[in-house]
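# Quick one, what's the 3D model for this:
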Amino acid sequence: MIENMKEISKDTLLKEVQKFADAKARFVTTVCNDLGDKLEVTYYFNYSPGMEMVAMRMAVGKDEEVPSISGIYLTAVLVENEMFEQYGLKVKNIAIDFGGLMFLTKDCPAKPMSRNGAVGGKGGE
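This next block holds a predicted model:
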């Protein structure tokens, strides 16, 4: 169980992330989990070395788009591209969009971490 976890929605995501940025918190990472009918996305932050992590979690439908936080924390570009490639999470307005080909190649199965199993062809397609 993660302490300091806040449930959010995709509509409040950017506002909540901006609060961390304004407080000079570090963006640590984002983790995606396939729940079958939904994707669960958890964002982790901390304020200084040695302090506990603070997390925010949202669940979204597999066909929904979520806003990119890369306009606030540029380092999120890597995990947002990874979540698209590995799980099919649709992230809009990523500062640097690798188009599904950051880790995967055009002949790799798409969404290899999806519960539905890998879907053939062309990286993140």
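# partners of whatever helix or strand Y44 lives in in the sheet?
In the assignment (DSSP states H and E), Y44 maps to strand 38-46. According to DSSP bridges, strand 38-46 forms sheet pairs with strand 26-34 (antiparallel), strand 54-61 (antiparallel).
# Can you list the buried residues in that strand?
39, 41-46 (16 or more other Cβ atoms under 10 Å). For the C-beta atoms, the positions are set from N, CA and C on the backbone; glycine is no exception.
# could you check the angle strand 38-46 makes with the helix or strand of the chain with the lowest mean pLDDT?
One helix or strand of the chain scores below all others by mean pLDDT, DSSP states H and E: helix 76-87, with a mean of 87. Here the directions of helix 76-87 and strand 38-46 differ by 150 degrees (axes from the mean of the first three to the mean of the last three Cα atoms, to 10 degrees).
# Return helix 76-87 as PDB; C-alpha atoms alone will do.
Only the C-alpha atoms of helix 76-87 are listed here, as PDB (Å, rounded to 0.1, in the frame of the first residue of the first chain):
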ATOM      1  CA  ALA A  76       8.000  12.900 -18.300                       C
ATOM      2  CA  VAL A  77       8.500  12.600 -22.100                       C
ATOM      3  CA  LEU A  78      10.300   9.300 -21.600                       C
ATOM      4  CA  VAL A  79       7.600   7.600 -19.400                       C
ATOM      5  CA  GLU A  80       4.700   9.000 -21.400                       C
ATOM      6  CA  ASN A  81       6.200   7.600 -24.700                       C
ATOM      7  CA  GLU A  82       6.900   4.300 -22.900                       C
ATOM      8  CA  MET A  83       3.300   4.000 -21.600                       C
ATOM      9  CA  PHE A  84       2.000   4.600 -25.100                       C
ATOM     10  CA  GLU A  85       4.300   1.900 -26.600                       C
ATOM     11  CA  GLN A  86       3.900  -0.600 -23.800                       C
ATOM     12  CA  TYR A  87       0.200  -0.200 -22.800                       C
END
